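J.: structure for the following, please:
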Amino acid sequence: MMTSAEIRKQFLDFFASKKHHIVPSAPIVVKNDPTLLFTNAGMNQFKDYFLGNRKPEYTRIVDTQKCLRVSGKHNDLEEVGVDTYHHTMFEMLGNWSFGDYFKDEAIAWSWELLTEVYKIDKDRLYVSVFKGDEAEGLPMSSIALEAWKKLVPEDKIIFGNKKDNFWEMGDTGPCGPCSEIHVDCRSDEERKLIPGRDLVNNDHPQVIEIWNNVFMQYNRLKDGTLEPLPAKHVDTGMGFERLVRVLQGKQSNYDTDVFSGTIKAVAGITGKTYDRSDSKEAVAFRVLADHIRAISFTIADGQLPSNTGAGYVIRRILRRAVRYYYTYLDYKQPLLFQLVPILATQFENVFPELKAQQEFVTKVVKEEEDSFLRTLDKGLKRIDELMKTSSSSVIEGKAAFELFDTYGFPIDLTRLIAQENNLAVDENGFEAEMQLQKNRSRAATAIDAADWVIVHENDTQIFTGYTNVEAATTVVKYRKVTAKGSTGYQIVLAETPFYAESGGQVGDTGVLEFNGSSIDVIDTKKENNLIIHFTTELPTNLEGPVVAKVNTDNRKNISAHHSATHLLHAALRQVLGTHVAQKGSLVNAAQLRFDFSHFAKVSDDEMKQIETIVNQKIRENIPVVIKEMTKDEAVALGAMALFGEKYGDTVRVVIMDPTYSIELCGGTHIGATGELGLFKLKHESAVAAGVRRIEAVCGEGATNQVNEALAELETIKELVKNTKEPVKAVQQMVADVQSLKKRIESYEALALIGIKKELESKVILIGNTHFIGSAVNVGNPDGLKKLCTELQASYTNLLVVLAANIEGKAAVAVLVDDALQASKSFEAQKIIKDQVAPLIKGGGGGQKGLATAGGQDPSNLAQVIESVKNLLK
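T.: Coordinates of the predicted model:
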């Protein structure tokens, strides 16, 4: 039986023999594409070729691509692990033709590989052909049909509709008919009962699509119409995990060697046995085996778990995995991080980035698990409160959504706990809250882009911004864009000096001059690799010559901060260790922000060392040397490549002293380090598990920071009336303040003794409950709490409400002793919420026994006391 590694290699070798160039997988985390968070198909990295924005270096390509899907048909996250063949992360094997071969060759080669190389039984294979669509004016795919007739009996050919056999990249863009290959993995007995062709595309777990040949022939416009593409392309995709399952003769993807090592490790860690059933315990094994891949590879490619965007998707996947092992494998401590080394070793020869960052990824995953396990415990306490206070047998939809949104509880976990307590969940209400959140999110990010309007035909776009800040050019195309209620325009130029936002560096601003009139460029971004200029208006005539001018002052400051980032990166590695790697950056005209892997706060002493090193390199006025070379040459030179970045065969290398800093970088830079002038660190903080952030400035910004600090020092000198030794004067002032605070506290303690005696004289008995309610004169809210606590020692069945006007603000404390909590179900924090907070226009909280509140309105303190007292009547 072939191993999964051998199966992958055979695929790549087969197409290499057909003159295809093997390319590495693009990162699973997508950059420069506003339509995607993650690579969700093999074709993503080649979109520019299909769109005509770039010409491919090779017309035939083959690869295996890391992909991630958590939504859409068959890819709802909550279903992964429940069946045997859908995944979050998966590998997509693909062969590509860009204007080279077309349907005949693609079909013939796919059949040859499956039946002659992999030796799959031909009788178990079915193929589909697009039958056409009258409403779209699309004919049947007759060329594909004739190609298949040469290879298979006609009873193995299925005619598919547009839903199953017409592939589209999105609402707009390249598309075309496709021809799928399906395999019937059922037993011979089952196949005799029902023909496989009757089960194709009917969600049968053993009759599955294995390969899809997409023939890109059309371009879908904004209005829905189709136009022929100038060149026809082939885009094929074969799910690697499914292929391995078929070739290894397994009934489940999880039984193959792609997943069996991870499942075995989970069994060893938990002491449980994987029985391949549909039980929740078996589902948990499959969930962990699947999810750890998605989590590990996305982190390795640069996406850290967070509360927004792509980071939230990863956090959601991780928390689902934690919930499964916590609930169904009865494992109450971090587990996932223990699987990272196993995965890193398994894939080190195909996706080496995980092995290279194994320690970092492991630590990030563990800290995320630790954090969620703490949250999970809080969430379980919260759901316990909800169940106890529920007036019906149903947990409301809003409460279920709070558990999901605040504590990370998926709805099925809430449902499970509710069922165990003979309660139901208002799932319709939950879905309504979810939809409201989705609608808010969509409204905030929705962009409506019209079709491109072609002004001048142009196949290639030239970027001249490394050497020029001005260019004579023409408009290639433009489109109108509406976002958040405002309208703008996007313009593509044949040649541009404008740097598009990339690699952490913000996009250039400037002007476009048209025959005497000009419009401002407010930003420059990339869509895939197409440089787009953002404007708020269009000129009256787009067809004439254009002069594109970059804002040079802005560019100079941006470039300075980018060069400073390289100096900082090298200094961090020198001071903290070579484990430091860039995990994100932002470079603009005002400052730089640099995120890096490190698991401890950078000390003040280390910060001083880092700043000193960078300024030393600035004073050395080192030339910034930029060279182009192959990636292999750059790595041999010692260049640092960033994980999660996609590099071409030729890379740009930025060198600031070969013994100090060599990095692969596509950004703009200054000519020599001396141009930075001065470098100053601003802040250091934590961003995420295992990631720190430094903010800094250079040049004029650094000078301003120093001048501001000196100005503050002068102000302090004036305030302490000591211009020679201001530090000693401030230290003495602090000591004096501490001494005065202690004296005040001792006076307050004496005053509280007197107030307590006075309050004890005011205690009244209402029924069998002792009640003390009074406005008192204290200097801070803590005095109220102390009085409540001391009064509790003298009475049982005690309710206390104390109020004070402290510097024009209301302060209230409520105490309910244990006996009163038990006899009357009184709770201090509930009294604060219901009786106190509304009257003082404020809020508060605390425990069942003691709670406090603060508010803006002290005029109703007497009414507050009376309101609490009335609870006893």
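J.: CA only for contacts and neighbour counts going forward, please
T.: Fine.
J.: farthest residue from the center of the chain?
T.: When distances to the mean C-alpha position of the chain are computed (CA atoms, centre = their mean), the maximum falls on S761, with 61.5 Å.
J.: where does that residue land on pLDDT?
T.: Here, the pLDDT recorded for S761 equals 89.
J.: before we move on, what about N515?
T.: pLDDT, read off for N515, is 87.
J.: how about it, what does it touch?
T.: Taking CA atoms under 8 Å, 6 or more residues apart in numbering, we find N515 in contact with G544, P545, V546.
J.: out of the residues you listed, which are buried?
T.: Members of the contacts of N515 that pass the buried threshold by neighbour count (16 or more other CA atoms under 10 Å) are listed as V546.
J.: what's the closest of the contacts of N515 to V340?
T.: If you rank the contacts of N515 by distance to V340 using CA to CA, V546 comes first, at 53.6 Å.
J.: can you tell me which residues contact that closest one?
T.: Contact analysis of V546 by CA under 8 Å, 6+ apart lists A472, T473, T474, V475, L512, E513, F514, N515.
J.: turn those residues into TSV, columns for distance to R60 and secondary structure.
T.: As requested, the contacts of V546 are arranged in TSV below (distance: CA to CA, whole Å; DSSP: H, G, I helix; E, B strand; the rest coil):
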residue	distance to R60	secondary structure
A472	35	strand
T473	33	strand
T474	32	coil
V475	31	strand
L512	38	strand
E513	41	strand
F514	41	strand
N515	44	coil
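J.: tell me which two in these are the farthest apart.
T.: Using CA to CA, those span at most 13.2 Å, a distance reached by V475 and N515.
J.: still on that earlier bit, any chance of TSV for the contacts of V546, columns distance to A356?
T.: Conversion of the contacts of V546 to TSV gives the following (distance: CA to CA, whole Å):
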residue	distance to A356
A472	45
T473	44
T474	45
V475	44
L512	45
E513	49
F514	51
N515	54
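J.: how far away is the residue farthest from the centre of the chain from L815?
T.: Using CA to CA, to the nearest Å, S761 is found at 18 Å from L815.
J.: okay, and the beta partners of Q505?
T.: The residues listed as beta-bridge partners of Q505 by DSSP bridges are S502, V587.
J.: isn't it up against L586?
T.: Yes: A contact is recorded between Q505 and L586 when judged using CA atoms under 8 Å, the distance being 5.9 Å.
J.: show me which of these two is the more surrounded one.
T.: The residue with more neighbours, out of Q505 and L586, is Q505; 22 against 19, by other CA atoms under 10 Å.
J.: spit out the contact partners of the more buried one.
T.: With contacts taken as CA under 8 Å, 6+ apart, Q505 has the following neighbours: I558, H562, S585, L586, V587, N588, G667.
J.: secondary structure element holding T612?
T.: With elements taken from DSSP states H and E, the one containing T612 is helix 604-619.
J.: for that helix, what is the average pLDDT?
T.: For helix 604-619, the mean per-residue pLDDT is 97.
J.: kindly report the same for stretch 371-391.
T.: For stretch 371-391, mean pLDDT rounds to 81.
J.: buried ones in it?
T.: Residues of stretch 371-391 classed as buried: F372, L373, T375, L376, G379, L380, R382, I383, L386, M387 (neighbour count, 16+ other CA under 10 Å).
J.: now do the same for S794: helix, strand or coil?
T.: coil (DSSP: H, G, I helix; E, B strand; the rest coil).
J.: near it, how many other residues are there?
T.: The criterion is other CA under 10 Å. On that basis, S794 has 9 neighbouring residues.
J.: in contact with it, which residues are there?
T.: If you count contacts by CA under 8 Å, 6+ apart, then S794 has nothing around it.
J.: for it, give me phi and psi.
T.: Backbone dihedrals for S794, given as degrees, to the nearest 10, come out at phi -100, psi -10.
J.: gap between it and I755?
T.: S794 is 15 Å from I755, where distance means CA to CA.
J.: how about the strands in the stretch 351-500 of the chain?
T.: Assigned by DSSP state E, counting those that start in this stretch, the strands in the stretch 351-500 of the chain fall at 394-395, 424-425, 447-449, 453-454, 462-463, 470-473, 475-483, 486-493, 495-496.
J.: and of those, who's closest to V654?
T.: Where these are weighed against each other on CA to CA, the nearest is strand 462-463, at 18.0 Å.
J.: contacts for the closest one?
T.: For strand 462-463, with CA under 8 Å, 6+ apart as the criterion, the contacting residues are A494, E495, T496, P497, F498, Y499.
J.: tell me which two in those are the farthest apart.
T.: The largest distance within the contacts of strand 462-463, taken as CA to CA, falls between A494 and Y499 and amounts to 13.9 Å.
J.: show me what the longest helix anywhere in the chain is packed up against.
T.: Counting by DSSP state H, the longest helix found in the chain is helix 726-760. Under the contact criterion of 3 or more CA pairs under 8 Å, 6 or more residues apart in numbering; DSSP states H and E, helix 726-760 touches helix 700-720, strand 769-775, helix 781-792.
J.: so how far is it off the chain centroid?
T.: The offset between the C-alpha centroid of helix 726-760 and the centroid of the whole chain comes to 49 Å, using CA atoms, centre = their mean, to the nearest Å.
J.: now do whichever helix or strand comes after it: distance to the chain's middle.
T.: Next along the chain after helix 726-760, taking DSSP H and E as the criterion, comes strand 764-766. Centroid displacement of strand 764-766 relative to its chain, using CA atoms, centre = their mean, is 59 Å.
J.: partners of strand 764-766, with directions?
T.: Under the criterion DSSP bridges, strand 764-766 sits next to strand 769-775 (antiparallel) in its sheet.
J.: any idea of the mean pLDDT for the strand it pairs with?
T.: Throughout strand 769-775, pLDDT has a mean value of 93.
J.: can you list contacts of that strand?
T.: For strand 769-775, the surrounding residues in contact (CA under 8 Å, 6+ apart) are 759-760, 762-765, 795-804, 820, 861-862, 865, 869, 872.
J.: ok, 6 Å please
T.: Defining contact as CA atoms under 6 Å, 6 or more residues apart in numbering, one finds that strand 769-775 is touched by V763, I764, N797, L798, L799, V800, V801, L802, A803, A804, I865.
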